[in-house]
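A.B. asks: What shape does this take:
(2 chains)
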Amino acid sequence: SQQGEEDPQALSIQEGENATMNCSYKTSINNLQWYRQNSGRGLVHLILIRSNEREKHSGRLRVTLDTSKKSSSLLITASRAADTASYFCATDATNTDKLIFGTGTRLQVFP
Amino acid sequence: GAVVSQHPSRVICKSGTSVKIECRSLDFQATTMFWYRQFPKQSLMLMATSNEGSKATYEQGVEKDKFLINHASLTLSTLTVTSAHPEDSSFYICSAKAGVETQYFGPGTRLLVL
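C.D. replies: Sure, this is the predicted structure:
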């Protein structure tokens, strides 16, 4: 399977703490994207990082990309209870339109 | 941002019937739409890529006669689950590509086959 893997599978933290999720993938990519999914809902696009970028910030989100290790991380700083959701990475492989999703991390932030 | 809608949001049907799910890009034209299915607590699995005016491209293991896809216009793609069975019960999500990079996702359709 080309599916990427994320770890941890589940993460529980207190409000105010930082949450770090990691994603590994298998193929060469054009870019890597992170999405958020609340239970039973569609996906919300969070951030896109291109293969020639190493780090990107958006508000409380920080994404890193290491193409030599085929891995990415998503850091959510100063977490809030409203951040509770599943987070997925998705890679856009070269020469294809397709997105390949990671296995996801379920984040629970306790107030 | 770009908005993608799906209809219906939930559907319950009897085994053996067919169900049609619509995916619309509301404020942009999408030459490519994608259909995914997601089982509980699992990730999204791509079923097929739908290009306007041409036949869909199905992923390995997805039966094209079971999951009929029609992309009749630049804003509408439909997925028909034919002769649905309980094992087809799942969360079906579509996405539409706006430009080169970002896919925008619909809110999903929960299908329950009794």
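
A.B. asks: pLDDT below threshold where in chain A?
C.D. replies: A:1-3, A:94-95 (pLDDT under 70).

A.B. asks: Now do the strands in it.
C.D. replies: Along chain A, counting by DSSP state E, strands occupy A:5-7, A:10-14, A:19-24, A:29-37, A:43-50, A:55-58, A:61-66, A:71-76, A:85-93, A:99-101, A:105-110.

A.B. asks: Look up the residues forming beta bridges with the spatially most central residue of chain B.
C.D. replies: Residue closest to the average C-alpha location in chain B (CA atoms, centre = their mean): B:Trp35, at 3.7 Å. Beta-bridge partners recorded for B:Trp35 (DSSP bridges): B:Ala48, B:Cys94.

A.B. asks: Contact partners for it?
C.D. replies: Shown in contact with B:Trp35 (CB atoms under 8 Å, 6 or more residues apart in numbering or on different chains): B:Cys23, B:Leu46, B:Met47, B:Ala48, B:Ser50, B:Phe67, B:Ile69, B:Ser77, B:Leu79, B:Tyr92, B:Ile93, B:Cys94. Placement of C-beta: from N, CA and C, glycine included.

A.B. asks: got the residues of chain A near chain B?
C.D. replies: Residues of chain A lying close to chain B (CB under 8 Å from any CB of the partner chain) are A:3, A:30-31, A:33, A:35, A:40-45, A:48, A:88, A:92, A:97-104, A:106.

A.B. asks: Show me the shaky parts of chain B.
C.D. replies: B:1.

A.B. asks: quick revisit: output the strands of chain A in JSON lines, with mean neighbour count appended to each entry.
C.D. replies: As requested, the strands of chain A are exported to JSON lines (neighbours: other CB atoms under 10 Å in any protein chain shown):
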{"stretch": "strand A:5-7", "mean neighbour count": "19"}
{"stretch": "strand A:10-14", "mean neighbour count": "14"}
{"stretch": "strand A:19-24", "mean neighbour count": "20"}
{"stretch": "strand A:29-37", "mean neighbour count": "22"}
{"stretch": "strand A:43-50", "mean neighbour count": "18"}
{"stretch": "strand A:55-58", "mean neighbour count": "12"}
{"stretch": "strand A:61-66", "mean neighbour count": "18"}
{"stretch": "strand A:71-76", "mean neighbour count": "20"}
{"stretch": "strand A:85-93", "mean neighbour count": "23"}
{"stretch": "strand A:99-101", "mean neighbour count": "24"}
{"stretch": "strand A:105-110", "mean neighbour count": "18"}
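
A.B. asks: B:Tyr58: neighbour count?
C.D. replies: Per other CB atoms under 10 Å in any protein chain shown, the neighbour tally for B:Tyr58 reads 19.

A.B. asks: ok now do it, which residues does it touch?
C.D. replies: Contacts of B:Tyr58 (CB under 8 Å, 6+ apart): B:Met47, B:Ala48, B:Lys64, B:Phe67.

A.B. asks: Go ahead and confirm the first one touches B:Gln38.
C.D. replies: In this case it means B:Met47. No - look at B:Met47 against B:Gln38 with CB atoms under 8 Å: they stay out of range, at 10.3 Å.
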